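Q: Show me the folded form of this:
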Amino acid sequence: MVERRFLNGMDEISRFTGFSPNTLRKHKRQYPGMPIRKLENGTWIANRELLERFYQDLATGRTEHWLQG
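A: Predicted coordinates for the structure are as follows:
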C-alpha cells in the first residue's frame with residue numbers, strides 16, 4: 001500500500017498534527033500561508049511534508065514566510 005502525501009479532512013489533519021480542529025483553524029487565521037486549504041465543497045486538505053515543516057517552523061519561531069497567504 002502506498003501512503004498518500006496529503007491529508008483529507010479536518011479530522012485526519014487533526015490526528016496527524018495532534019491539534020484540535022479549532023486550533024488548526026486558529027493557526028490558519030494567524031498564518032494564512034499555513035499549508036492547509038478548504039476546498040469548494042468544504043473539505044480541508046493538507047500536504048503532510050509541508051504541514052510538518054510549518055509546525056517545525058512554528059516551534060522554532062521561524063514563521064515570517066507563513067504570514068503571507
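Q: who's in contact with the residue nearest the centre of the chain?
A: With distances taken as Cα atoms, centre = their mean, the residue of the chain nearest its centroid is residue 36 (4.1 Å). Residues in contact with residue 36 (Cβ atoms under 8 Å, 6 or more residues apart in numbering) are 13, 24, 28, 44-46, 51. For the C-beta atoms, the positions are set from N, CA and C on the backbone; glycine is no exception.
Q: ok, the residues you listed vs residue 69, which is closest?
A: residue 28 (9.4 Å; Cβ to Cβ).
Q: What is the neighbour count of the nearest residue to residue 28 once chain neighbours are set aside?
A: Distances taken as Cβ to Cβ, 6 or more residues apart in numbering place residue 34 nearest to residue 28, at 5.0 Å, with adjacent residues excluded. By the other Cβ atoms under 10 Å criterion, the neighbourhood of residue 34 contains 23 residues.
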